[in-house]
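**Q** structural data only, the sequence is not supplied:
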């Protein structure tokens, strides 16, 4: 602060000296004789004028200090900004650059001034940059482009350049943003896209092979099974009374084996079909659908003591046919695995999971060990302790595929002897 006062006093003294010289250089004039009263008034007026000048000087000093503070802030913002700022003339010569811009070009600011910006642009991108700069000055509107900059001893740096012509029309202001990471991500994305295209082609080929396999299974494999089944019936009808009980048991086992094989073929074809069937989205009344499934199960075994607790008003957006398969399998499993209970209770309702609605089907049946929960939805997997319940291990795998096609997920919770609960969500669920 003392230094600034010394500077102000020195400037004032210099100004006074210059004023005295100018006054002495003027032609002398005859000064009229003044009375004492006039002299006092003149001295008073000069004193007031002096104070006014001092006040004006103080205001000017304050304005200068404020201007210097604002300039310092602007300089800091300009130099320390994460974006490179340049001022270029019509030839692309660098007239001004901030520290970030100098860092992008890999040089000191003092050595960059006066050089052509195009020298730092990669050879392949230089014609495009020249055309871009010419366009900015011609259109006098903000424009942008992407180029690669050269940095000595380092890979090219990809940047985005935005420029607008200054009011004078002789310069343009340029902002440069480093987009190297974005370009790297775009290249990785392109690689992933190409890999995905290859996988899609492989999947399409696999689907064609699967269709051919399905045709073979449904025709070539079913034909001999039908023949065996028919011959068993003929043999049983024509010579069944001539066989002993053991032979009749063999024939019966062969006949029932063909029926099981046919059912397995149907199950496999249905499982394969789930992936290819066209989805139709509509509002589905899951509560009513569950009631229909429950009614159908009661008809098969009216003697069973089963209580169904089905919440009302559960709806969802999805394919009605596929969602019926989901409920058929889940409620059917609850019915099957609770068959040994004197009083069976099967529930269908909605609960909140992570702030979103999830449907659940709960039973009080045999349950399962959570250690094997990961195998529930894998085709042909039968959990330990469930061997006595007939099945192909396809039902839950089919359900999982359908739920996945609805962009949802399914999981289960249970314990041996304490029943099981299956939860599932559907994308775009509208539960009431």
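**A** Looks like it came in fine. The structure presented is a predicted model; accordingly, all values stated were derived computationally and were not measured.

**Q** and the biggest helix by length in the chain, what does it pack onto?
**A** Taking DSSP state H as the criterion, the chain has its longest helix at helix 36-80. The contact analysis (3 or more C-beta pairs under 8 Å, 6 or more residues apart in numbering; DSSP states H and E) places helix 36-80 against helix 99-105. For the C-beta atoms, the positions are set from N, CA and C on the backbone; glycine is no exception.

**Q** end-to-end on stretch 360-372?
**A** 20 Å (C-alpha to C-alpha, to the nearest Å).

**Q** and the contacts of that stretch?
**A** 327, 330-331, 334-341, 344-351, 376, 383-386, 412-424 (C-beta atoms under 8 Å, 6 or more residues apart in numbering).

**Q** check stretch 302-310 too.
**A** Contacts of stretch 302-310 (C-beta under 8 Å, 6+ apart): 287, 290-291, 294, 297-298, 335, 338-339, 342-349.

**Q** try 7 Å
**A** Stretch 302-310 is contacted from outside by 287, 290, 291, 294, 298, 342, 343, 344, 345, 346, 347, 348, using C-beta atoms under 7 Å, 6 or more residues apart in numbering.

**Q** ends of it, what's the gap?
**A** Rule used - C-alpha to C-alpha; the end-to-end distance of stretch 302-310 is 19 Å.

**Q** rewinding a little: among the contacts of stretch 302-310, which are in strands?
**A** Among the contacts of stretch 302-310, the members found in strands (DSSP state E) are 344, 345, 346, 347, 348.

**Q** domains in the chain, by residue range?
**A** 40-80, 84-178, 185-276, 282-431 (automatic domain parsing).

**Q** lowest-confidence stretch among these?
**A** Lowest mean pLDDT of the domains of the chain: domain 40-80, a mean of 74.

**Q** how distant is that one from the center of its chain?
**A** Averaged C-alpha coordinates place domain 40-80 at 57 Å from its chain's average position (C-alpha atoms, centre = their mean, to the nearest Å).

**Q** and the buried ones among the contacts of stretch 302-310, selectable in ChimeraX?
**A** This is how ChimeraX selects the buried members of the contacts of stretch 302-310, with burial counted by 16 or more other C-beta atoms under 10 Å:
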select :287,290,291,294,344,345,346,347,348
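
**Q** format the contacts of stretch 302-310 as a markdown table; extra columns: distance to residue 408.
**A** Below are the contacts of stretch 302-310 laid out as a markdown table (distance: C-beta to C-beta, whole Å):
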| residue | distance to residue 408 |
| --- | --- |
| 287 | 18 |
| 290 | 17 |
| 291 | 22 |
| 294 | 22 |
| 298 | 28 |
| 342 | 35 |
| 343 | 32 |
| 344 | 27 |
| 345 | 26 |
| 346 | 21 |
| 347 | 20 |
| 348 | 16 |
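
**Q** in three-state terms, label residue 284 for me.
**A** Secondary structure, DSSP: H, G, I helix; E, B strand; the rest coil: residue 284 is strand.

**Q** which residue, other than its chain neighbours, is closest to it?
**A** residue 320 (4.9 Å; C-beta to C-beta, 6 or more residues apart in numbering).

**Q** next one: the one you found from residue 290, what distance?
**A** With the distance defined as C-beta to C-beta, to the nearest Å, residue 320 ends up 13 Å from residue 290.

**Q** what do you get for residue 105?
**A** For residue 105, the distance to residue 290 - C-beta to C-beta - is 69 Å.

**Q** quick one, helices of the stretch 151-300 of the chain?
**A** 180-215, 222-239, 245-276, 286-300 (DSSP state H, counting those that start in this stretch).

**Q** now render those helices as a markdown table, adding distance to residue 42.
**A** What follows is these, written out as a markdown table (distance: least, C-beta to C-beta, whole Å):
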| stretch | distance to residue 42 |
| --- | --- |
| helix 180-215 | 75 |
| helix 222-239 | 129 |
| helix 245-276 | 108 |
| helix 286-300 | 105 |
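
**Q** single out the most deeply packed of the ones you listed.
**A** Mean neighbour count (mean count of other C-beta atoms under 10 Å) peaks for helix 286-300 among the helices of the stretch 151-300 of the chain, with a mean of 16.

**Q** which elements pack onto that helix?
**A** On a contact count with 3 or more C-beta pairs under 7 Å, 6 or more residues apart in numbering; DSSP states H and E, helix 286-300 meets strand 306-310, strand 314-318, helix 320-337.

**Q** quick one: buried residues of the second one?
**A** By neighbour count with 16+ other C-beta under 10 Å, strand 314-318 contains the buried residues 314, 315, 316, 318.
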